[in-house]
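Participant: Let me see the structure of the following:
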Amino acid sequence: IIFPYLSRTFFPSNNLGFLGFLTLTYLLYISIFQHVLYFLKTRILFKTDLKKYGEWAVVTGGTSGIGMEFVHTFGRKGIN
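Facilitator: As a prediction, this is how the structure comes out:
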């Protein structure tokens, strides 16, 4: 009972429906793939060793907002 419904939904008989299915599948794949690739690049593959730039970091505006987050991040990584 379910298989005929799925086959009509995912594999339409006309070419335009099939083209729409391929386009939707491609867009879904690209949107998921970009997020996974970004995660891999930023978290796993390209970790930057901040110690190679020195022991100290100067952060302007370190009392609030983005500057404060940089200060906390550098502190967690052991940079003064």
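Participant: ok, Leu19 - contacts?
Facilitator: Contacts for Leu19 were tallied using Cβ atoms under 8 Å, 6 or more residues apart in numbering; there are none. C-betas here are computed from N, CA, C, even on glycine.
Participant: Which of the helices or strands spans it?
Facilitator: helix 15-39 (DSSP states H and E).
Participant: What pLDDT is listed against the spatially most central residue of the chain?
Facilitator: Residue closest to the average C-alpha location in the chain (Cα atoms, centre = their mean): His35, at 2.8 Å. At His35, the model reports a pLDDT of 86.
Participant: hmm, back to that, pull the distance from the helix holding Leu19 to the chain's centre.
Facilitator: With Cα atoms, centre = their mean, to the nearest Å as the basis, helix 15-39 stands 15 Å off its chain's centre.
Participant: moving C-terminal of that helix, what's the next helix or strand?
Facilitator: Counting by DSSP H and E, the next helix or strand C-terminal to helix 15-39 is helix 65-76.
Participant: Alpha carbons of that following helix, as CSV, please.
Facilitator: Extracted C-alpha coordinates of helix 65-76, given in CSV (Å, rounded to 0.1, in the frame of the first residue of the first chain):
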residue,chain,number,x,y,z
GLY,A,65,30.1,42.3,23.1
ILE,A,66,32.3,40.5,20.6
GLY,A,67,35.5,41.8,22.2
MET,A,68,34.5,40.1,25.5
GLU,A,69,34.0,36.8,23.7
PHE,A,70,37.4,37.1,22.1
VAL,A,71,38.9,37.7,25.5
HIS,A,72,37.2,34.7,27.0
THR,A,73,38.2,32.5,24.1
PHE,A,74,41.8,33.6,24.3
GLY,A,75,41.8,33.0,28.0
ARG,A,76,40.5,29.5,27.6
